[in-house]
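**Student:** Next come a sequence and a model predicted from it.
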Amino acid sequence: MDPTALLALVEHGQSYWLDNLSRSKITRGELDRRVRDEGLRGITSNPAIFHKAISGSHDYDDQIRAAFAAGRPVAGVYEDLVVSDVSAACDALRPVYDQSDGLDGYVSLEVSPHLAHDTAASIDEARRLHAMVARPNLFIKIPGTLAGLPAIEQCLFEGININITLLFSVPRYEAVAEAWLRALERRLEAGQPLAGIASVASFFLSRIDTLVDDLLAHRFGTAHEAQARSLLGKVAIANAKLAYQHFQRMVESERWQKLEAAGAQVQRLLWASTSTKNPDYRDVMYVEPLIGPHTVNTLPDKTIAAFADHGQVATTLEDGVDAARQTMESLDALGIDFAQVATQLENEGIQKFIDPYDAIFAALQDKADALQPRGDIDALTDAARLLRRQVLRMTTEAGSGHPTSCLSCAEIMAALFFYEMRWDPADPQARNVDRFVLSKGHAAPILWAALSAAGAIEEDLMSLRRIDSTLEGHPTPNNPWIKVATGSLGQGLPAANGMALANRLDGIDARVFCLMGDGECAEGSVWEAAQFASLNMLANLVAIVDVNGLGQSGPAPYGHDTAVLAHRFEAFGWRAIEIHGHDMDAVLDALERAREGGPTAILARTVKGKGVSFLAGAEGWHGKALDQRQLQQALDEVGDVQRTPRVEPRRTGPFEAATPNIAGSIDVSYAPGAEVATRDAYGHALEKLGRLNPDIVALDGDVMNSTRSEFFAEAFPDRFFESWIAEQNMLGTALGLAACGKIPFAATFACFLTRGYDFIRMAGHSRPQHLVFCGSHAGISIGEDGPSQMGLEDMAMFRAMAHSTVLYPCDAVSGERLTEQAMRCDGIVYLRTTRGKAPVIYGNDETFPVGGSKVLRTSGDDQCTVVAAGVTLHEALAAYDTLKAEGISVRVIDAYSVKPLDVSTLVRAAAETRGMVVVEDHWADGGLGDAVARAHDWPIPIRYLAVSSEPRSGPPQALLERYGISRQAIVQQVRALARHP
């Protein structure tokens, strides 16, 4: 933020103060930075601000716990909290106070709003708060009610600095100014110094326009509508300008000049309630017109940012005074009594402070109940000790593994599995339970140890990493408790996003916990996932980062500085909690905080190798097991376990899976020869399938109007998830959804899928029941966009995966039918669609079984076979016509199922023809040609036409010609084969 405009206010006699005080602003250095770099000169507070700060964070929990433990009543605890914050803020602003000779640097603390109409009680509380803070730059806030006026005068007379709040009218401000003058005159008569006595009169603004605009709107539809509309949004500014005119007259009076000569400083006007409530109004409308000498403007964070960005600085306060008077006269002429408006606003203002003030007390009592000491800490500490012992024994037995990465998170794992998570160790398939994703998959031994201690698995822990064991080196679904394979770092949080979305769709009030490592947070996919979780308001998602400070080859980028990661998560809209990860009480406290909604990130400072002296914090031990001698020493240091942890099965509530209606088939209706892109067919089919099956969800990477996922998004907005330009998270989230029984269709340009290939690879190892990826705009046939947009590696990527299916439609009918097949097909399916339109060649009732093909042209004297798919199939059909005219008969096969390939049809063609041409819009390596080549020991010559050199931008047909995959190229190859069999 550029503070130039803010700093320039001082030159025009105005100070800007902040209207938002919270402990985090103090402890994280934000307040110091604003004072130092942005010209901040004061802070105000009120019960609403403190209620938000205290109830909306856990920055106060330690002090709350200690205060209640000491027997303080709720009112006393509240007072302790606010006095602590105000005192610290006063200290932060003390340099401003000293440098300005007491003009600025003030922090305000309000008396109870319940005392707004009690003069004596207001005086007593002001004295008490003044003494508790004991800072010269403290303002005590007292509302400018009729009962408040004598309290204000008495406090000022006693030397207590006062911020008079809730002023709405010029007459009431005049009474406040009179109380100020009388207090100073009394001090002068009593021989007391006037220097150092400070006061501001806080004039409220936006609340005036909010109420008056509503009253003006009641005049719409009458003869006075035009006049009423002309006053909208103008009354508060006009009222403030007229108040300043009284201020000017006062400071010019002989009465004031006598006081000033005796050392008095002026009582400044302070503009409060300066955020713009009406979005149709300028966001700095309560700043720019009210700049002038001897004034203060208190601004919320949003208005500060807006003014710094585009605010105009000039002395404006005395401009338009005549117009201001006319505004107030016009208001009166419309029958709106501003005195009544001010009275209503004063009463409402008091109530608006009473409500949050009372709410704080209720919130503090709730916190007191939640923060009571826990009686099961010893049991959980024992559980952590057991996990450490088992990890050390398992990895030594295996002779490999990552024991130090497990030891650092033992308290976290114990707290999750034996206290916080609602789960049933007897049911690994349960949906209505909390879920756990171990993103730092190399810590698998501690997960196996936790599952074993909970009775969830009976497998011998000493079988870790054996070929016959499901307790693998990194988690895979070979073990029934693992839903997504992890270990390739950065994968867990995107998958957890998908699980959280599935819970939301199924109405399951369960949380998803994802344990990550600090080094892992260098992965961009983590922050893609963080953005997605925040934008989708995944309140039940909890990321726990094991900040043990060490990576594999040396220290992690930021060591144990959890604040770096906390700020990053907060920047993406998460709630961040920093804790000591080996303090079981702190771990439990953080997990309980996470229940309040998020997404929440817990940043746990830990020690790698914790519990063993020669491992703790030591480099060089990553991925190394101990020998038997070291193991015994380590076990001796960890200590014996006194009791075995237990898990009481818990569910999050009843759950019944939806019954999908997928017995029928979608209706397809295209006219023969109609020009339709296969991407359009994909979109239409997906929308139709969404009506058949409620478990179908769709994701897209900010290109839904190109991939045509938009059709599904319009029909089923609750089941569509915009993933923006963050393909890694999109693919990982799709896997998480699939792991919870959904059928995700994730679409983007085929070329952009390469960004997330590690996620596709790991999805293969996760073996989801159904997971569909759609890559559109495949091949050079997209044309002028050029090579960066051409998917030319995509079939190779998906073919390389075990148990994958690759489908490549050529027209709208096959596009819809193959999209339907993708829904019904087990495992990972890749659909390849194209940008350009192609003629419909199939009848609407045609079927396209996976593993099949279509022989489109054949005769008893076929000389060659042409195998194609997608775009090139139409080139093959055109080549057929050209060759037929020349007397050369060829067989044309649509290999729409690239994997599995219809080998039997190809073998038969090879037996009945003398040569074969395979043509594809893909790189020469890894696509359809390679699939055909490795399918059989071919007895006939085969020619492969594919993209073999760097493409250029150009018209689609010209590109097909240039790169040798056009109809003419096919014709040439067939001619050559026909001449030389």
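**Tutor:** Received the coordinates, thanks. Numbers count the residues shown, from 1 in each chain.

**Student:** Could you give the separation of the longest helix belonging to the chain from the chain centroid?
**Tutor:** Longest helix in the chain by number of residues (criterion: DSSP state H): helix 338-370. Its chain's C-alpha centre and that of helix 338-370 lie 31 Å apart, by CA atoms, centre = their mean, to the nearest Å.

**Student:** next SSE after it?
**Tutor:** helix 377-398 (DSSP states H and E).

**Student:** And the next helix or strand past that next one?
**Tutor:** helix 403-407.

**Student:** ok now the following helix or strand past that next one, how far from the chain's centre?
**Tutor:** In the C-terminal direction, the helix or strand that comes right after helix 403-407 (DSSP H and E) is helix 410-415. Centroid separation for helix 410-415 versus its chain: 26 Å, with CA atoms, centre = their mean.

**Student:** repeat for stretch 306-316
**Tutor:** The answer for stretch 306-316 is 32 Å, by CA atoms, centre = their mean.

**Student:** all helices for the stretch 151-300 of the chain, in order.
**Tutor:** 170-189, 206-217, 225-230, 235-252, 254-261 (DSSP state H, counting those that start in this stretch).

**Student:** actually the stretch 601-750 of the chain, not the one I wrote
**Tutor:** Under DSSP H, counting those that start in this stretch, the stretch 601-750 of the chain gives helices at 628-638, 678-692, 704-707, 710-715, 727-739.

**Student:** Low-confidence stretches in this protein?
**Tutor:** 1, 369-375, 658-663, 980-981 (pLDDT under 70).

**Student:** Check it and tell me which residue is nearest its centre.
**Tutor:** By CA atoms, centre = their mean, the chain has its centre lying nearest to S534, at 2.0 Å.

**Student:** Might one say that it is in contact with W574?
**Tutor:** Yes: look at S534 against W574 with CB atoms under 8 Å: they come within range, at 6.0 Å. Bear in mind the C-beta positions are built from the backbone N, C-alpha and C, glycine included.

**Student:** what is in contact with the two at once?
**Tutor:** P599 (CB atoms under 8 Å, 6 or more residues apart in numbering).

**Student:** what's the angle from the longest helix of the chain to helix 170-189?
**Tutor:** Going by axes from the mean of the first three to the mean of the last three CA atoms, to 10 degrees, helix 338-370 is angled at 70 degrees with respect to helix 170-189.

**Student:** and helix 338-370, which residues are buried?
**Tutor:** 338, 341-342, 345-346, 349-350, 352-353, 356-357, 360, 363-364, 367-368 (16 or more other CB atoms under 10 Å).

**Student:** how many degrees apart are that helix and helix 206-217 in direction?
**Tutor:** Using the same axes, to 10 degrees: helix 338-370 against helix 206-217 is 130 degrees.

**Student:** quick one: secondary structure of V542?
**Tutor:** strand (DSSP: H, G, I helix; E, B strand; the rest coil).

**Student:** Of the helices of the stretch 601-750 of the chain, give the one that comes closest to H936.
**Tutor:** For H936, the closest of these is helix 678-692, at 28.0 Å, according to CB to CB.

**Student:** In contact with M730, which residues?
**Tutor:** Contacts of M730 (CB under 8 Å, 6+ apart): 494, 699-701, 723, 746, 748, 756.

**Student:** can I get those in TSV with distance to A449 and neighbour count?
**Tutor:** Converted to TSV, these look like this (distance: CB to CB, whole Å; neighbours: other CB atoms under 10 Å):
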residue	distance to A449	neighbour count
P494	26	32
L699	35	30
D700	40	25
G701	39	25
S723	35	28
A746	35	32
T748	40	29
G756	32	27
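
**Student:** Just name the closest of those to S966, please.
**Tutor:** Nearest to S966 among these, with distances taken as CB to CB, is T748, at 27.4 Å.

**Student:** any idea how far that closest one lies from F773?
**Tutor:** 9 Å (CB to CB, to the nearest Å).

**Student:** related to what we said a few turns ago, and the longest helix of the chain with helix 235-252, angle?
**Tutor:** 100 degrees.

**Student:** Show me what helix 338-370 is packed against.
**Tutor:** helix 47-55, helix 61-69, helix 74-99, strand 138-143, strand 162-167, helix 170-189, helix 206-217, helix 321-333 (3 or more CB pairs under 8 Å, 6 or more residues apart in numbering; DSSP states H and E).

**Student:** Identify each buried residue in the last one, please.
**Tutor:** The one in question is helix 321-333. 324, 327-328, 330-331.

**Student:** To V251, which of the helices and strands packed on helix 338-370 lies closest?
**Tutor:** That would be helix 170-189 among the helices and strands packed on helix 338-370, by CB to CB, at 9.8 Å.

**Student:** Can you pull out the residues in contact with that closest one?
**Tutor:** 144, 149-150, 152-157, 159, 164, 167, 193-194, 197, 199, 201, 203, 239, 242-243, 246-247, 250, 255-256, 259, 262, 264, 267, 269, 339, 342, 346.

**Student:** Select only the buried ones of the residues you listed in PyMOL?
**Tutor:** Buried members of the contacts of helix 170-189, defined by 16+ other CB under 10 Å, are picked up in PyMOL with:
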select buried, resi 144+149+152+153+154+155+156+157+164+167+194+197+199+201+203+239+242+243+247+250+256+259+264+267+269+342+346
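
**Student:** A226: neighbour count?
**Tutor:** Per other CB atoms under 10 Å, the neighbour tally for A226 reads 10.

**Student:** let me redo that: R646
**Tutor:** Neighbours around R646, by other CB under 10 Å: 12.

**Student:** Show the contacting residues for it.
**Tutor:** 418, 454.

**Student:** Could you export the helices and strands packed on helix 338-370 as JSON lines, including distance to W621?
**Tutor:** Converted to JSON lines, the helices and strands packed on helix 338-370 look like this (distance: least, CB to CB, whole Å):
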{"stretch": "helix 47-55", "distance to W621": "43"}
{"stretch": "helix 61-69", "distance to W621": "34"}
{"stretch": "helix 74-99", "distance to W621": "42"}
{"stretch": "strand 138-143", "distance to W621": "54"}
{"stretch": "strand 162-167", "distance to W621": "59"}
{"stretch": "helix 170-189", "distance to W621": "69"}
{"stretch": "helix 206-217", "distance to W621": "60"}
{"stretch": "helix 321-333", "distance to W621": "74"}
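
**Student:** Sweet, I'm off.
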